[in-house]
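Enquirer: I'll drop the sequence and a predicted model, then ask my questions.
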Amino acid sequence: METIQQNQDTSIFKTFAVYVQPEFEELERRFPNYLNSGYKTITKPGRITRDRDRKLVPIECCKNVSMKNREILLEYVHIDDGASFHEVLGLLSNKRVRPALYEELMSFDKAYPDERLEHRILALGSITRSSEAPVLCKEGLGLQLYATNNMYGFNGSYRFLVARE
């Protein structure tokens, strides 16, 4: 894959997004050092457990995103410490970008695996009902718990992966 533009402020990444959530076994192969155990329930959507609500689903502003496999442009947005979930979404809306979906994050990582060695990359476009979002980090693939009710903010170490529409 190619990085379209790269300067000190913005890098734009072109990737082919595949809108299929990977199975747990594939995630274990891709992230041997660290894979949050919550993905066991996320990757088994037909399994009925007390954690059945942990499936990653698009947030409201991403529900109409086409799930057709296609080439997309992604970039990072960095936000200072303390921004709440709703403040981040407001800023992204003002920039005319949307939060990346889980499937886009996985496609991005496949195309640019070294990026997670440099940044903690959060995709807010898909969350669990428990307010967990997928996050790539140098250790592997995690789930970041945050409050959608603005009680807690994100720290400045995250890069929010966003899609240009």
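Expert: Arrived safely, thanks for sending.
Enquirer: check contacts around the nearest residue to M67 once chain neighbours are set aside.
Expert: The shortest distance from M67 to any non-neighbouring residue, by C-beta to C-beta, 6 or more residues apart in numbering, is to Y19 (4.1 Å). The C-beta positions use only the backbone N, C-alpha and C, and glycine is treated the same way. Neighbour list for Y19: M67, K68, N69, L101, E103 [criterion: C-beta atoms under 8 Å, 6 or more residues apart in numbering].
Enquirer: and the gap between the nearest residue to the last one once chain neighbours are set aside and C62?
Expert: Translated: E103. Distances taken as C-beta to C-beta, 6+ apart place Y19 nearest to E103, at 4.6 Å, with adjacent residues excluded. Distance of Y19 to C62, given as C-beta to C-beta, to the nearest Å: 12 Å.
Enquirer: what touches both of those two?
Expert: Common contacts of Y19 and C62, defined by C-beta under 8 Å, 6+ apart, comprise L101.
Enquirer: circling back: and the gap between the residue nearest to M67 and V65?
Expert: 9 Å.
Enquirer: shared neighbours, the two?
Expert: Common contact partners of Y19 and V65 (C-beta under 8 Å, 6+ apart): L101.
Enquirer: which residues in this protein form helices?
Expert: 24-30, 39-42, 85-94, 102-111, 115-118 (DSSP state H).
Enquirer: for the residue nearest to the spatial centre of the chain, phi and psi?
Expert: Among the residues of the chain, the one closest to the centroid is A123, at 2.0 Å (C-alpha atoms, centre = their mean). Torsion angles at A123 (phi, psi; degrees, to the nearest 10) stand at phi -110, psi 110.
Enquirer: okay then, goodbye and thanks.
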